[in-house]
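Chemist: predicted coordinates and the sequence they were generated for:
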Amino acid sequence: MLRVSSVNRTFGDRKVLDDISFEVSAGRMTGFVGANGAGKTTSMRIILGLLSADSGAVTWNGEPVTRPVRQRFGYMPEERGLYPKMKVREQLTYLGRLHGMTTSAAQRNVDDLLERIGLAERANDPLEKLSLGNQQRAQIAAALVHDPELLILDEPFSGLDPIAVEVIAGVLRERASNGVPVLFSSHQLDVVERLCDDLVIIAAGAVRASGSRTELRTKFATPRFELVLDGDAGWVRDLPGVTIVDLDDTRVVIQLANPDDDQTVLRAALARGPVRTFGPIVPTLSEIFREVTQ
Ligand SMILES: Nc1ncnc2c1ncn2[C@@H]1O[C@H](COP(=O)(O)OP(=O)(O)OP(=O)(O)O)[C@@H](O)[C@H]1O
């Protein structure tokens, strides 16, 4: 497990990380979300030891992150790092070698990866000849080539078309299910919502919420329910403890003074006729994000 504990960082007189703490657990995809300038890249750079913290600690399985430990991490930086003129397969193999792999092991991994991410046919092209989306796929492959123990990816999905997002998500999820903790930042909240098991929401250098997707949804759930009937749903306003949030003919969104009254509402509705939909409204990640960062 990766643990970031009470990390602080100032640039000049600006505090950009304010007592940041969170964990990235084995086998989990952790989405790291925050507005521009919130501190995601700075946190990632500190995890990787590319930047020092003013105070606080980063540990990997309880131990400090030393250079040999870092060597076993996979990192996709914000400033993409591959050589434009070097052939894709050649440079990925070279990166595998830099991480201590033999040439044949590196080549095997590279060939598997290129096949998985749909770049096998471009293996012998220089990176700069690839479309931006395909260059992005190659950058992701560069973080994966040495079978890292931990993956830290800065905006891995930016610039990818929906099919590429699915392909890359599948590869990352496979690594996660093999026990690799994956931390990835993204502005695409719909993608994060779909992919991540855990979330860290950061704003102005501080963690505003963290935990599993389910925990956060429960925590930020409002006592709201959707009810869809065959006939007009306006009568619901006469039930005690019910406030109408939105009414559109047969569909009504209600807020309950006591969330346990949901079954009373359901029984009242069934007594009047068919009920097509009834259930709590689960907040989306965008709604949670807005609530904790405003
Ligand atoms: N080397 C630096 N010197 C001075 N300020 C910096 C430096 N690096 C980052 N900052 C500032 O720290 C703050 C956090 O930046 P960071 O890049 O970590 O945010 P981010 O959440 O990754 O943003 P984005 O989503 O735009 O990539 C910003 O205000 C940025 O301007």
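Modeler: Here it is on my side, so go on. Residues are numbered from 1 along each chain as shown.
Chemist: switch to C-alpha atoms for all contacts and neighbour counts from now on
Modeler: Will do.
Chemist: at the geometric centre of this structure, which residue sits there?
Modeler: Closest to where the C-alpha atoms of the chain average out (Cα atoms, centre = their mean) is residue 31, at 2.1 Å.
Chemist: and it, helix, strand or coil?
Modeler: The three-state label given to residue 31 by DSSP: H, G, I helix; E, B strand; the rest coil is strand.
Chemist: how near is it to the ligand?
Modeler: To the ligand, residue 31 is 13 Å away according to Cα to the nearest ligand atom, to the nearest Å.
Chemist: how about the contacts made by the residue nearest to that residue when sequence neighbours are not counted?
Modeler: Here the nearest residue to residue 31 in space, its sequence neighbours aside, is residue 199; by Cα to Cα, 6 or more residues apart in numbering that works out to 4.8 Å. Neighbouring residues of residue 199 by Cα atoms under 8 Å, 6 or more residues apart in numbering: 30-33, 209-213.
Chemist: swap in 7 Å and give it another go.
Modeler: 30-32, 210-213 (Cα atoms under 7 Å, 6 or more residues apart in numbering).
Chemist: help me confirm that it is found in a strand?
Modeler: Yes: note on residue 199: a strand contains this position according to three-state DSSP.
Chemist: renumber starting at 9 from here on
Modeler: OK, 9 is where the count begins now, so the last one is residue 207.
Chemist: what residues are bridge-paired with it?
Modeler: residue 39, residue 219 (DSSP bridges).
Chemist: per-residue pLDDT, it?
Modeler: We have a pLDDT of 96 for residue 207.
Chemist: now it: how far from residue 124?
Modeler: Taking Cα to Cα, to the nearest Å as the criterion, residue 207 is separated from residue 124 by 26 Å.
Chemist: just residue 37 next, same as before
Modeler: Shown here: residue 37 relative to residue 124, a distance of 19 Å by Cα to Cα.
Chemist: how about residue 82?
Modeler: Taken as Cα to Cα, the span from residue 82 to residue 124 is 18 Å.
Chemist: of the two, who's got more company?
Modeler: Each of residue 82 and residue 124 has its neighbours counted (other Cα atoms under 10 Å); residue 82 has more, 24 against 15.
Chemist: now do the contacts for the more buried one.
Modeler: 151-152, 156, 158-160.
Chemist: between these, which is nearest residue 249?
Modeler: residue 160 (47.6 Å; Cα to Cα).
Chemist: how far off centre is stretch 91-107?
Modeler: 27 Å (Cα atoms, centre = their mean, to the nearest Å).
Chemist: over to stretch 194-213?
Modeler: Counting by Cα atoms, centre = their mean, stretch 194-213 comes out at 4 Å from the chain centroid.
Chemist: that one: end-to-end distance?
Modeler: End-to-end distance for stretch 194-213, by Cα to Cα: 16 Å.
Chemist: list the buried residues for that stretch?
Modeler: 194-195, 197, 199-201, 203-213 (16 or more other Cα atoms under 10 Å).
Chemist: same thing with stretch 268-277?
Modeler: 270, 273, 277.
Chemist: just the residues you listed: which are in helices?
Modeler: 270, 273, 277 (DSSP state H).
Chemist: quick one: the first one from residue 286, how far?
Modeler: Distance check for residue 270 against residue 286: by Cα to Cα, it reads 9 Å.
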